[in-house]
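> What shape does this take:
(4 chains)
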There are 2 protein chains.
Amino acid sequence: MSYTYKYPRPAVAVDCVIFGYDHRLEEPDLQILLIERKLAPFKGKWALPGGFVQMNETLDAAAARELKEEAGIEKVYIEQLYTFGEIDRDPRGRVLSVSYVALVNLEKHRPSAGTDAEAAEWFSLNKLPPLAFDHKTIVKTAIERLRGKVRYQPIGFELLPDEFTFTELQNMYETILQRTFDKRNFRKKMDSYGLLIDTGGMRRGKPNRAAKLYRFDGKRYKTLEKRGFLFEL
Amino acid sequence: MSYTYKYPRPAVAVDCVIFGYDHRLEEPDLQILLIERKLAPFKGKWALPGGFVQMNETLDAAAARELKEEAGIEKVYIEQLYTFGEIDRDPRGRVLSVSYVALVNLEKHRPSAGTDAEAAEWFSLNKLPPLAFDHKTIVKTAIERLRGKVRYQPIGFELLPDEFTFTELQNMYETILQRTFDKRNFRKKMDSYGLLIDTGGMRRGKPNRAAKLYRFDGKRYKTLEKRGFLFEL
DNA sequence: ACAAAAGTGTTATGATTACACCCATGG
DNA sequence: CCATGGGTGTAATCATAACACTTTTGT
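Numbers count the residues shown, from 1 in each chain, chains lettered A, B, ... in the order given. Model prediction:
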């Protein structure tokens, strides 16, 4: 079977930059999920999960599908990033890449084996292997988007478990933004937004004082947002 | 001549939301350049300038080409906005739209006749006609991007002539952001960035005190930006 | 001389920063 | 009982917001 058109058309792929964060690490870092390519081109190289857009699915749906098929990840935060269209970005011919960014908490996505049985692995951002295609550029763009957006939209919470401590929250921001915050000032500001619900639970198990667990109040945020409230770190 | 592929491919178009601003108007407003479609579908309706991506041009190049061909506009600020991929957004079949935002000063682009001899007209944002395809959605997204970005990147200057007065600058921001600023505070802040060069010229001709003309110092901005400086309105 | 917009400082308020000690827990 | 991270307040500084009058120009 084949498809014929009057004018040439580029192929269109979606590629996903999946950021993972593990709040339990001593020295936490941002990680990215990569899959090892089993086919040419770039056979054996690491690449972003992705694939071609089907005719009966939207771009968002294609991204969600690839996320599930290749990375075994579902129902997470995902947003469109940018569309890359350099002429020679794919040696097979003209292929556009509509890229997406997803944010997940690593605790929930440890196994990281794709259903397609491709090797999928988390890599620290500081230790990325060489990547196929122009995926290095895509990753760079994704990091810039994350760094820029995390400061004025409460998307960072997507990287944490549902319940988290103040310190875990602060570490997450410090990791992404590559800077430190004063503990008291950080808590004061977060507190002032009234977006953290005290769950009553405690993070225990370490030889120090137990820490209170909080949950992000997404409903309240949406309400406030409509009234012109701006989350800002 | 025709082109055959093993798998079906969507067609890919670029569409441009061209914002124009006229600093000389009594009650300035943001405008958008639209072209009247001469062919089906949506024949006779107004639409964003755009067209299909050629195989030998990047997306940015395609956007620049359409800008020139359909709107007669060249060498202006342009950036990619978003890629729209709803399945039924084009009645002809599956067509993705990689959309772009361009910013121009109306003074320089008055004639607004496209070289393709299509009717091209500026419309006030508040008085847009019904638009073809999903172009209303694209315009809405573009406005959100402009409103969000203008506050922390000095892109607003692209809407003004090279030389402008403080009042013109303030009016431009007030128009885009739909709010007012205190004159003294606005000048104080702008002044503090040191990004405006006094050209020595004056805006004369009105029966009131002449206003000093300034120029945006793009070079200095780039230098400061690298050192971590953040423009913020 | 008048109408219209240009230009200019000061004070009050709120937000941000800097900074250090006691508390609770598990081993 | 000790090591470790949790939790808390205050003062100084800086940025923002509010506010009104004099100057210059063209007609």
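> Using CSV, list the CA coordinates for the longest helix belonging to chain A.
The residue-count maximum for a helix in chain A (DSSP state H) belongs to helix A:135-150. Provided in CSV are the C-alpha atoms of helix A:135-150 (Å, rounded to 0.1, in the frame of the first residue of the first chain):
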residue,chain,number,x,y,z
HIS,A,135,18.1,15.6,19.7
LYS,A,136,20.8,17.4,21.6
THR,A,137,19.3,20.6,20.3
ILE,A,138,15.9,19.5,21.3
VAL,A,139,17.0,18.7,24.8
LYS,A,140,18.7,22.0,25.2
THR,A,141,15.6,23.8,24.1
ALA,A,142,13.6,21.7,26.5
ILE,A,143,15.8,22.6,29.4
GLU,A,144,15.5,26.3,28.6
ARG,A,145,11.7,26.0,28.5
LEU,A,146,11.7,24.1,31.9
ARG,A,147,14.0,26.6,33.6
GLY,A,148,12.0,29.5,32.3
LYS,A,149,8.6,28.1,33.0
VAL,A,150,9.1,26.5,36.4
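> quick one: contacts for A:Phe216?
Counting by CB atoms under 8 Å, 6 or more residues apart in numbering or on different chains, A:Phe216 touches A:Pro154, A:Phe157, A:Leu195, A:Leu196, A:Ile197. In short, each C-beta sits where N, CA and C put it, glycine included.
> again, only using 10 Å
Listed by CB atoms under 10 Å, 6 or more residues apart in numbering or on different chains, the contact partners of A:Phe216 are A:Pro154, A:Gly156, A:Phe157, A:Glu158, A:Leu160, A:Asp162, A:Glu163, A:Phe164, A:Leu169, A:Leu195, A:Leu196, A:Ile197.
> ok, stretch A:121-136 near chain B or not?
No: contact of stretch A:121-136 with chain B (CB under 10 Å from any CB of the partner chain) is absent, the minimum separation being 11.9 Å.
> what's the distance between that stretch and the middle of its chain?
Chain-centre distance of stretch A:121-136: 14 Å, with CA atoms, centre = their mean, to the nearest Å.
> all helices for chain A, in order.
A:59-71, A:135-150, A:166-177, A:183-193, A:218-226.
> How about chain A: which residue is closest to DNA strand D?
Going by CB to the nearest atom of the strand, DNA strand D is nearest to A:Asn208 of chain A, at 2.5 Å.
> that older thread, so which of the helices of chain A is the most surrounded?
Neighbour counts (mean count of other CB atoms under 10 Å in any protein chain shown) averaged over each of the helices of chain A peak at helix A:59-71, with a mean of 21.
> what packs against that one?
Helices and strands touching helix A:59-71, by 3 or more CB pairs under 10 Å, 6 or more residues apart in numbering or on different chains; DSSP states H and E, are strand A:11-21, strand A:30-36, strand A:50-52, strand A:77-84, strand A:95-105, strand B:77-84.
> Please repeat the previous calculation with a cut-off of 7 Å.
If you count contacts as 3 or more CB pairs under 7 Å, 6 or more residues apart in numbering or on different chains; DSSP states H and E, helix A:59-71 packs onto strand A:11-21, strand A:77-84, strand A:95-105.
> Export these as a markdown table, with columns for mean pLDDT.
Below are the helices and strands packed on helix A:59-71 laid out as a markdown table (pLDDT from 0 to 100):
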| stretch | mean pLDDT |
| --- | --- |
| strand A:11-21 | 98 |
| strand A:77-84 | 99 |
| strand A:95-105 | 98 |
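> Nearest to A:Arg227, out of those?
Comparison of those against A:Arg227 by CB to CB identifies strand A:77-84 as nearest, at 22.9 Å.
> helices or strands next to the closest one in the packing?
helix A:59-71, strand A:95-105, helix A:135-150, strand B:77-84.
> Pipe the ones you listed into a markdown table and attach distance to B:Tyr5 per row.
Compiled in a markdown table, the helices and strands packed on strand A:77-84 are given as follows (distance: least, CB to CB, whole Å):
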| stretch | distance to B:Tyr5 |
| --- | --- |
| helix A:59-71 | 17 |
| strand A:95-105 | 12 |
| helix A:135-150 | 24 |
| strand B:77-84 | 20 |
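> So which of these is nearest DNA strand C?
Closest to DNA strand C of the helices and strands packed on strand A:77-84, according to CB to the nearest atom of the strand: helix A:135-150, at 15.8 Å.
> ok, residues contacting that closest one?
With contacts defined as CB atoms under 7 Å, 6 or more residues apart in numbering or on different chains, helix A:135-150 is touched by A:15, A:17, A:19, A:32, A:47-48, A:81-82, A:84, A:97, A:99, A:101, A:155-156, A:176-177.
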